[in-house]
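*Asks:* coordinates only, no sequence provided:
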């Protein structure tokens, strides 16, 4: 069968998960707790890697779109949690540039972006990025984050994108470790 | 309406276009001529930006998946031609890692990858990348290629991915200029 499309669909469990968390999130730690919860649930449901993300309205804290890693379940190396959250947010808001309107949006991610997701951030139009675990924490369990600029935070700030790191880093790390101990698949592992 | 999916579908014209080109391509210039043709047709059909790409079997030259830029038509900043070609190839072959089998694949792109697509290449599993116009040629008409490592070619070669640049560069440039003179939208333009 010849496929002429790429379709990435949020797992069925996500609607109930989101509904259970309420509609708004107050502060970076609340948002981070939510996306780390997505990562944990994604492991337990077997729907992908140990990564969660979300696009939120900065001012109100309203969730626009959740995202989880779907690489293994969707057979798609592009389906990192950040990419899924950005893509779903753009579909829901009907724009390829989240900076085109008056409302400002942010990306919250349970682990710092890899090289691909970092490259995707300026194109997405988010004005702020909040990170939990570090890239080094993902590498510590065998994942590869790719060739990022040495000062990747500075490369976003130069574009007027605010970056906040290490929010609930210990809880983000704990989810990565949970994935390792549950023998989760380390796709696209580091190659030496 | 709440969308729970990201769906990127190749334009309707692409089936006939591919059928008209035959099934196999002999050499880098033949493959590049094909993906530049995709870029040109994408402009003329109004289905996205002036970029085309394809995933091919390296040994046989067989086309696995074409890709065109769908950013504006799909409302998705992730939908660069390279990403579309990689994602469609992975769907067609049923794997998130094109390096997992015995057959080796390559990505041919009408313009050098931006930072996002560059980051996506190692995760895709392609073993070879062939580029037409340079990133500077895209910047010359107002596009932004993002924060790439200074030696981006070296960063791929270090991972065992062969890179060939400047194949039919003049024809790749001509398509970019065609987009400019047709008043095509410069989405995610350079911001200073």
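*Replies:* That came through, no problem. Values in this document were obtained by computation on a predicted structure and should not be read as measured data.

*Asks:* give me the mean pLDDT for the longest helix belonging to chain A.
*Replies:* Counting residues, the longest helix in chain A under DSSP state H turns out to be helix A:28-45. The pLDDT scores in helix A:28-45 average 98.

*Asks:* hey, where'd the helices end up in chain A?
*Replies:* A:14-19, A:28-45, A:71-74, A:81-93, A:115-124, A:135-140, A:152-157, A:169-181.

*Asks:* between these, which gets nearest to residue B:188?
*Replies:* helix A:115-124 (4.8 Å; Cβ to Cβ). C-beta here means a position set from N, CA and C on the backbone, and glycine is covered the same way.

*Asks:* now the longest helix of chain A: buried residues?
*Replies:* Going by neighbour count (16 or more other Cβ atoms under 10 Å in any protein chain shown), the buried part of helix A:28-45 is A:28, A:30-43.

*Asks:* below-threshold pLDDT in chain A: ranges please.
*Replies:* Scanning chain A for pLDDT under 70 picks out A:1, A:23, A:191-192.

*Asks:* ok, now with 90
*Replies:* Low-confidence segments of chain A (pLDDT under 90): A:1-2, A:21-24, A:150, A:183-192.

*Asks:* nearest residue to residue A:10 in space, please, no chain neighbours.
*Replies:* residue B:4 (4.6 Å; Cβ to Cβ, 6 or more residues apart in numbering or on different chains).

*Asks:* isn't that neighbour right up against residue A:88?
*Replies:* Yes - between residue B:4 and residue A:88 there is a contact under Cβ atoms under 8 Å: 7.2 Å.

*Asks:* circling back: so which elements touch the longest helix of chain A?
*Replies:* Judged by 3 or more Cβ pairs under 8 Å, 6 or more residues apart in numbering or on different chains; DSSP states H and E, helix A:28-45 is in contact with helix A:14-19, strand A:52-57, strand A:63-68, helix A:81-93, strand A:105-111, strand A:128-133, helix A:169-181.

*Asks:* go with 7 Å
*Replies:* On a contact count with 3 or more Cβ pairs under 7 Å, 6 or more residues apart in numbering or on different chains; DSSP states H and E, helix A:28-45 meets strand A:52-57, strand A:63-68, strand A:105-111, strand A:128-133, helix A:169-181.

*Asks:* got any residues that touch both of residue B:4 and residue A:88?
*Replies:* Shared contacts of residue B:4 and residue A:88 (Cβ atoms under 7 Å, 6 or more residues apart in numbering or on different chains): residue A:10.

*Asks:* the more surrounded of these two?
*Replies:* Comparing residue B:4 with residue A:88 by other Cβ atoms under 10 Å in any protein chain shown, the one with more neighbours is residue A:88, at 27 against 16.

*Asks:* isn't that one up against residue A:70?
*Replies:* No - between residue A:88 and residue A:70 there is no contact under Cβ atoms under 7 Å: 11.0 Å.

*Asks:* contacts only, for the nearest residue to residue A:188 once chain neighbours are set aside.
*Replies:* With sequence-adjacent residues excluded and distances taken as Cβ to Cβ, 6+ apart, residue A:188 is closest to residue B:123, at 4.8 Å. Shown in contact with residue B:123 (Cβ under 7 Å, 6+ apart): A:77, A:116, A:188.

*Asks:* how about 10 Å then?
*Replies:* A:71, A:76-80, A:114-116, A:144, A:146, A:187-188, B:86, B:96-98 (Cβ atoms under 10 Å, 6 or more residues apart in numbering or on different chains).

*Asks:* out of these, which end up buried?
*Replies:* Listed as buried from the contacts of residue B:123 are A:71, A:76-80, A:114-116, A:144, A:146, A:187-188, B:86, B:96-98; burial here means 16+ other Cβ under 10 Å.

*Asks:* just those residues: which are in strands?
*Replies:* Assignment to strands by DSSP state E places none of these there.

*Asks:* residues in contact with residue A:144?
*Replies:* Counting by Cβ under 10 Å, 6+ apart, residue A:144 makes contact with A:114-115, A:135, A:138, A:186-191, B:122-123, B:159.

*Asks:* before we move on, what about residue A:134?
*Replies:* A:111, A:112, A:140, A:145, A:165, A:166, A:169, A:172, A:173.

*Asks:* now, among those, which is nearest to residue B:15?
*Replies:* So of those, ranked by how close each gets to residue B:15 (Cβ to Cβ), first place is residue A:145, at 37.3 Å.

*Asks:* wait, isn't the closest one in contact with residue A:138?
*Replies:* Yes - the pair formed by residue A:145 and residue A:138 meets the contact definition of Cβ atoms under 10 Å, at 6.2 Å.
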